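In: Predicted model and sequence below, questions to follow.
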Amino acid sequence: GENVEQHPSTLSVQEGDSAVIKCTYSDSASNYFPWYKQELGKRPQLIIDIRSNVGEKKDQRIAVTLNKTAKHFSLHITETQPEDSAVYFCAASYGGSTLGRLYFGRGTQLTVWP
Amino acid sequence: DTAVSQTPKYLVTQMGNDKSIKCEQNLGHDTMYWYKQDSKKFLKIMFSYNNKELIINETVPNRFSPKSPDKAHLNLHINSLELGDSAVYFCASSQAGTANTIYFGEGSWLTVV
């Protein structure tokens, strides 16, 4: 099965700085890569996703890049704010499956200091 | 108008007891899941049902038994609870064929004492 590695496990930045979280995956058939944000005591919520036919996607301060050759994808948050503090999960979807088999990374605890 | 709702939100119970967690989704999705999140925040899939049919059954003790009476509901029953079962259990749903975007419920905090 798929194996998703996520780094770093913790990340502390000053408000206004950028934050980058990186993930690698093992199965070249994976073709869907969502990112979830989980605030303390809350559910994971989808913040952005990317498919394998796209190299980059941006939504305001959040962007995701995908390198299929190297099998890695990254989340970039610019102009970080204290409310960005949360655990972020990357995930990869098993190629060809229509049944939502998502493999999650182990999460990154992002702390943004004011 | 909660999309994926699960009950109870908090559950404290003694070892050896049997408990159930219920989940309902009103998104019209045909696939539902149970995920377990341990104390280290790792999200691990337990089960997946598509149109009431069991699709994914990870290596989970058979004390855990999911039941899907219809495609909008997926309940989780746990027998003979153990201390190691303490975790947050998330129900989730998705629509097959829509890039696997998964929507999570609010979670059920299970504490076994």
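Out: Thanks, I have the structure now. Numbers count the residues shown, from 1 in each chain, chains lettered A, B, ... in the order given.
In: Could you check the pLDDT of the most centrally placed residue in chain B?
Out: The C-alpha lying nearest the average C-alpha coordinate of chain B belongs to B:Trp34 (CA atoms, centre = their mean; 3.0 Å). In this model, B:Trp34 is scored at 94, pLDDT.
In: State the phi and psi torsions of it.
Out: Backbone torsions for B:Trp34, taken as degrees, to the nearest 10, come to phi -120, psi 130.
In: Help me confirm that it comes into contact with B:Val88.
Out: No - with the criterion set as CB atoms under 8 Å, B:Trp34 and B:Val88 do not qualify as a contacting pair; they are 11.3 Å apart. Backbone N, C-alpha and C define where each C-beta goes, glycine included.
In: quick one, strands of the chain?
Out: Defaulting to chain A. When secondary structure is read from DSSP state E, chain A shows strands at A:4-7, A:10-14, A:19-25, A:32-38, A:45-51, A:56-59, A:62-67, A:72-77, A:86-93, A:102-104, A:108-113.
In: that's the wrong chain, I wanted chain B
Out: Using DSSP E, strands in chain B cover B:4-7, B:10-13, B:19-25, B:31-37, B:43-50, B:53-57, B:64-70, B:73-78, B:87-94, B:103-104, B:108-112.
In: how about the residues of chain B near chain A?
Out: Chain B comes close to chain A at residues B:31, B:33, B:40-45, B:48, B:50, B:55-56, B:90, B:94, B:96-97, B:99-107, as judged by CB under 8 Å from any CB of the partner chain.
In: Let me know which of the strands of chain A is tucked in deepest.
Out: The highest mean neighbour count among these, using mean count of other CB atoms under 10 Å in any protein chain shown, belongs to strand A:86-93: a mean of 25.
In: Kindly provide the whole-number mean pLDDT of that strand.
Out: Averaged across strand A:86-93, the pLDDT comes to 94.
In: and that strand, is it in reach of chain B?
Out: Yes - if you take CB under 8 Å from any CB as the test, strand A:86-93 does meet chain B, through A:87, A:89, A:93.
In: mind checking pLDDT for B:Gly97?
Out: In the prediction, the pLDDT value recorded for B:Gly97 is 62.
In: With B:Ser94 instead?
Out: B:Ser94 is assigned a pLDDT of 88 by the prediction.
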